[in-house]
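Visitor: Quick one, what's the 3D model for this:
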Amino acid sequence: KPLLLLSLPASSTMDRSRRLPGSGRRHGRLRCVARYALVCTGIVAIAASVASSFVIARSAMTNAQHLHQDAAQVSGFGRVGGSCTGSASGNGARGAILPQRSVLARPALGAPSLLAACTLPTLLGLWRSEYGVSYGYGGAVAASGFLMLKVAASSTPIFAQAFCLVLYGLRLSAYLLYRELCIPKFRDFRERIEERARQRGARLKRLPFVLSCALLYLGLAAPALLALRSYAVRPSLGDPRSGLLAMLFQVLIVGMYSGWAVAALGDTYKSWHKATEGEGKVVTSGIFSLMRHPNYTGEQFLWTFNFLAGVVAVISGGAPMWSASTAGWLTISALGVLGINFVLMQATGGLQARQAAAYAGDEAYEKWVARAWSGFPLSRTQASTAEGKASGDVKVASAEDDTQA
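Guide: Residues are numbered from 1 along each chain as shown. A predicted model of the protein is given here:
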């Protein structure tokens, strides 16, 4: 239906809007939703193409290096062990002379590069305060994942973890852009946040909050960096046949993609429902018939599985991974997953409290609350306390929203 609306002539749409009160605005929203869906599809297709190119190029490079090493080793054997021909002792000499293929050195991703990837997009918060926790969030996660793609291309599971970060960041940014361009309520919402930020003083006063957000995003990307380092030490992490830990790592990566899919489906379905049924109606069908807040819950799953995958990677790496550097990255990862889960739980609890007040006495709403899973919210009292402590901040404005921010 939305794709057909995109092809309708302007006159046809205008005629229909004259016949049906309010239909012109609804068709405009439907076209926006359709464009958002098409943009998301394009992003996934382009990202998949780029990812495939990295994998193919990395595989070709690795095979070429292996062939070159083998050729050099065989050539060395011909010069050194040429006298040992045709005999058992000759075969033994060849086995002694020709060493086993060693693991190729993998380029390391330094902490400064990852820190820059998380900080630069977040600096958008100095321009518009809300952008630091919206486009800055999506941009930081996508940039971090993209940096790690180039290093992780030789291992499918490690590559998949980094690729999930890229997908999440790009999809979130596309969704935020759709909301800002197509839904006036969110433009007003952004301006209210900016006005409060101006009242607090100069733009540089936002810098501590912006940098704290960058640190949070660094904590979300850190588990993938730990997996990269573990794989460089012990490549068996990338092969599920090599043990239970490698298999568990891959299961957790699948869990990340499942969380990403749930969050994306929740955002898309909610946007579609509100475009067709109206902003004032609570969404209780589709995936929302099972989960009350799939966009928040899916994101919690994604980041929790991502953190657990990093822990498994460290354990798999063994003794070479136990260092002060690893302990530091684990700490940053733990702060990241705890921080984002607290923000999402706060948003979920606040949304539930507002819905309960708005739809009190509504039988359909009460039935939906009784049958659908609420996810992991803070209690009403905890959410109100948390919002009160952060009064006037961007986090409060994000929690006031009824969709993923």
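
Visitor: in what helix or strand does Thr122 lie?
Guide: Under the criterion of DSSP states H and E, Thr122 resides in helix 111-122.

Visitor: correction: Gly138
Guide: Using DSSP H and E, Gly138 sits within helix 135-152.

Visitor: What residues of that helix count as buried?
Guide: Buried residues in helix 135-152, counted by 16 or more other C-beta atoms under 10 Å: 135-149, 151-152. Using the backbone N, CA and C atoms, a C-beta is placed for each residue, glycine as well.

Visitor: Repeat that for stretch 206-224.
Guide: Burial within stretch 206-224, assessed by neighbour count using 16+ other C-beta under 10 Å, is assigned to 206, 209-211, 213-224.

Visitor: ok, back up a step: could you say what helices and strands the helix holding Thr122 packs with?
Guide: helix 135-152, helix 207-233 (3 or more C-beta pairs under 8 Å, 6 or more residues apart in numbering; DSSP states H and E).

Visitor: tilt between the last one and helix 135-152?
Guide: This means helix 207-233. Put simply, helix 207-233 runs at 20 degrees to helix 135-152, going by axes from the mean of the first three to the mean of the last three C-alpha atoms, to 10 degrees.

Visitor: okay, the angle between helix 207-233 and helix 111-122?
Guide: If you take the same axes, to 10 degrees, helix 207-233 sits at 140 degrees to helix 111-122.

Visitor: model confidence over the next helix or strand after helix 207-233, on average?
Guide: Next in sequence after helix 207-233, counting helices and strands by DSSP H and E, comes helix 244-277. The pLDDT scores in helix 244-277 average 93.

Visitor: quick one: helix 244-277 to helix 207-233, angle?
Guide: Interaxial angle of helix 244-277 relative to helix 207-233 (the same axes, to 10 degrees): 140 degrees.

Visitor: buried sites along helix 244-277?
Guide: Residues of helix 244-277 classed as buried: 245-246, 248-250, 252-253, 255-257, 259-275 (neighbour count, 16+ other C-beta under 10 Å).

Visitor: Could you do stretch 156-170 as well?
Guide: Neighbour-count burial for stretch 156-170 flags 157-170 (criterion: 16+ other C-beta under 10 Å).

Visitor: ditto for stretch 326-334
Guide: By neighbour count with 16+ other C-beta under 10 Å, stretch 326-334 contains the buried residues 326, 329-330, 332-334.

Visitor: Give me the lowest-pLDDT entry from those residues.
Guide: Thr326 (92).

Visitor: What helix or strand is that residue located in?
Guide: Under the criterion of DSSP H and E, Thr326 resides in helix 324-358.

Visitor: And that helix, what does it pack against?
Guide: helix 207-233, helix 294-317, helix 380-389, helix 394-400.

Visitor: 10 Å - rerun?
Guide: helix 111-122, helix 207-233, helix 294-317, helix 363-371, helix 380-389, helix 394-400 (3 or more C-beta pairs under 10 Å, 6 or more residues apart in numbering; DSSP states H and E).

Visitor: Neighbours of Ser289, how many?
Guide: Using other C-beta atoms under 10 Å, Ser289 is surrounded by 12 other residues.

Visitor: pretty sure Ser155 contacts Ser242?
Guide: No - in this structure Ser155 lies outside contact range of Ser242 using C-beta atoms under 10 Å: 11.7 Å.

Visitor: Which one's more surrounded, these two?
Guide: Ranked by neighbour count (other C-beta under 10 Å), Ser155 and Ser242 place Ser155 first, with 21 against 14.

Visitor: so how far is Gln355 from that one?
Guide: Ser155 sits at a distance of 44 Å from Gln355 (criterion: C-beta to C-beta, to the nearest Å).

Visitor: again, but for Ala309
Guide: Counting by C-beta to C-beta, the gap from Ala309 to Gln355 is 33 Å.

Visitor: go on, Arg187?
Guide: Shown here: Arg187 relative to Gln355, a distance of 23 Å by C-beta to C-beta.

Visitor: Ok, Val283 next?
Guide: Separation of Val283 from Gln355 (C-beta to C-beta): 11 Å.

Visitor: The two: which has the busier surroundings?
Guide: A direct count of neighbours by other C-beta under 10 Å for Val283 and Gln355 places Val283 higher, at 21 against 18.

Visitor: Is the more buried one located within a helix, as I assumed?
Guide: No - going by DSSP: H, G, I helix; E, B strand; the rest coil, the assignment for Val283 is coil, not a helix.

Visitor: how about it, what does it touch?
Guide: The neighbourhood of Val283, defined by C-beta atoms under 10 Å, 6 or more residues apart in numbering, consists of 266, 269-274, 277, 289, 292, 294, 368, 402-403.

Visitor: In CSV, list the residues you listed along with distance to Gly317.
Guide: Converted to CSV, those look like this (distance: C-beta to C-beta, whole Å):
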residue, distance to Gly317
Gly266, 35
Tyr269, 40
Lys270, 41
Ser271, 42
Trp272, 44
His273, 45
Lys274, 46
Glu277, 51
Ser289, 43
Arg292, 39
Pro294, 34
Trp368, 46
Asp402, 43
Thr403, 39
